[in-house]
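# let's see this in three dimensions:
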Amino acid sequence: MADLIRQTIRLGAPPWPTVDPFLFCVHHVDAYPSGNLHLGPDAELQGRAIGQDFAGVDGWNMYHGSVVPGFPSHPHRGFETITYVRRGLVDHADSLGAAARYGKGDVQWMTAGKGIQHAEMFPLLDQSGPNPMELFQIWLNLPAEDKMVEPSYKMLWDGEIPRVPVDGEGEITVIAGAIPGPSGLVVPPSPAPDSWAARSDTDVALWHVRLGAGASVVLPPAGHEDTVRVLYVFDGDGLAVDGQDHDVPTGIVLDSGQEAPLQALGGGVDVLVMQGRPMGEPVAQYGPFVMNTKAEIQQAFEDYQRDHFGGWPWDRSDPVHGPEAVLFARHADGREERAREAS
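This next block holds a predicted model:
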């Protein structure tokens, strides 16, 4: 039998290396202090590179934000963003007029398609204590035939995302891709309708595996022989894969056609599993645009310069949705979702 482990990669500063059909994976972890009346940090910002603050001073970043941390309005075309929040809050606003506030355990699946502007801000609601933030943002490519679909987003709320118990303390959070559970196949909510992951034969999976001390699980073989499976061991004391120990942080490319026995080392471990069948299409990328040719990238710039993908209906580039601790989504078609109180 072939070796289960095909490659290991020491993970440095994000973004981490990804494999087709994925384009990008970044893990944001920020120990934000208490918030102020403007939902920004109640701290001195002097000396930070405001607008481009990725230095991690005092354990947190402002990113491109000037008052509230986060990413003010910016465009995308030709791919999807998947934002999985473990701690903290994200305020979404976009050029279609849609808005959302989502938090711990929630996932936003946004299809940029032919073009959208959006903002992703991190409001600090707690004025009496810290506001820790942790999230993953993953970019999933779109095939050529779907790069110009209408933009949209879908919320996968925490209570809708299934968790599969493991042997010992821990669980698998099933964001995409069905997986066997104790009582049968566990199927997550469907992704955005035009997603590569929505196709039945693409074998896309996103699983967050959390193993407590001594806990173990066996991942099933993938459904197709060309599926690529990567483990990102991102937190904890390390992971044994088929008896081989790996420390944190490490990327591990597996032979997806085999079962993968995983066991936590020390006090436990967190692992992000990303898998899918490659599209095998040429990728032309420049910043926030991902197409198949350089000419299509040039066209994306021209289209954005002409109408800014529909304009920006907000009165600021970094909108936040007030101090009320309620998670919600308001879509461009007027449909509204109210999830729960923010914890």
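# ok, the closest residue to residue 219 other than its chain neighbours - contacts?
Nearest non-adjacent residue to residue 219, counting by CB to CB, 6 or more residues apart in numbering: residue 260, 4.1 Å away. From N, CA and C alone the C-beta is placed, and that goes for glycine too. Neighbouring residues of residue 260 by CB atoms under 8 Å, 6 or more residues apart in numbering: 4, 218-219, 229, 231, 241-242, 254.
# what do you get for residue 270?
Residues in contact with residue 270 (CB under 8 Å, 6+ apart) are 208-211, 233-236.
# mind checking which helix or strand it is in?
According to DSSP states H and E, residue 270 maps onto strand 268-276.
# sheet-wise, list the partners of that strand with their directions.
Paired with strand 268-276 in the same sheet, following DSSP bridges, are strand 205-212 (antiparallel), strand 228-236 (antiparallel).
# and for the helix or strand that comes right after the last one, what's in contact with it?
To tie it back to what came earlier, the one meant is strand 228-236. For strand 228-236, the succeeding helix or strand toward the C-terminus, using DSSP H and E, is strand 239-241. With contact meaning CB under 8 Å, 6+ apart, strand 239-241 is reached by 4-5, 211, 231, 233, 245-246, 248, 250, 252, 254, 260-265, 269, 271.
# so what strands line up beside strand 239-241?
Here, using DSSP bridges, strand 239-241 pairs with strand 244-246 (antiparallel), strand 260-264 (antiparallel).
# the closest residue to residue 228 other than its chain neighbours: neighbouring residues, count only.
Leaving aside its sequence neighbours, residue 228 sits nearest to residue 19 (CB to CB, 6+ apart; 4.8 Å). Using other CB atoms under 10 Å, residue 19 is surrounded by 16 other residues.
# likewise for residue 96?
A count of nearby residues for residue 96, using other CB under 10 Å, gives 20.
# same question, residue 154
Look at residue 154: counted by other CB under 10 Å, it has 17 neighbours.
# what of residue 12?
9.
# how many residues are close by residue 187?
12.
# do the same with the one 5 residues further on
Neighbour count for residue 192, taken as other CB under 10 Å: 22.
# quick one: it and residue 152 touch, right?
Yes: using CB atoms under 8 Å, residue 192 makes contact with residue 152 at a distance of 6.3 Å.
# who touches both of these two?
110-111.
# straight-line length of stretch 168-186, end to end?
Stretch 168-186 has an end-to-end distance of 19 Å (criterion: CA to CA, to the nearest Å).
# tell me the buried residues in it?
Judged by neighbour count (16 or more other CB atoms under 10 Å), stretch 168-186 contains these buried residues: 170-177, 179, 186.
# go ahead and name everything in contact with it.
82, 84, 105, 107, 156, 161-166, 187-188, 191, 197, 203-217, 219-220, 264, 268, 275.
# list buried residues within the residues you listed.
Buried by 16+ other CB under 10 Å: 82, 84, 105, 107, 156, 161-164, 166, 188, 191, 197, 203-211, 215, 217, 219, 264, 268, 275, out of these.
# just the buried ones among the contacts of residue 260, please.
By neighbour count, with 16+ other CB under 10 Å, the contacts of residue 260 hold 4, 219, 229, 231, 241, 254 as buried.
# isn't the residue nearest to residue 228 right up against residue 232?
No: when contacts are counted by CB under 8 Å, residue 19 is not listed as touching residue 232 (11.5 Å).
# show me whatever sits in contact with both of the two.
Here residue 19 and residue 232 have no joint contacts, going by CB under 8 Å, 6+ apart.
# what mean pLDDT does stretch 166-185 get?
For stretch 166-185, the mean per-residue pLDDT is 96.
# quick check: end-to-end length of it?
14 Å.
# tell me how far it lies from the chain's centre.
Taking CA atoms, centre = their mean, to the nearest Å, one finds the center of stretch 166-185 at 19 Å from the center of the full chain.
# equivalent analysis for stretch 273-284, please.
Offset of stretch 273-284 from its chain centre (CA atoms, centre = their mean): 16 Å.
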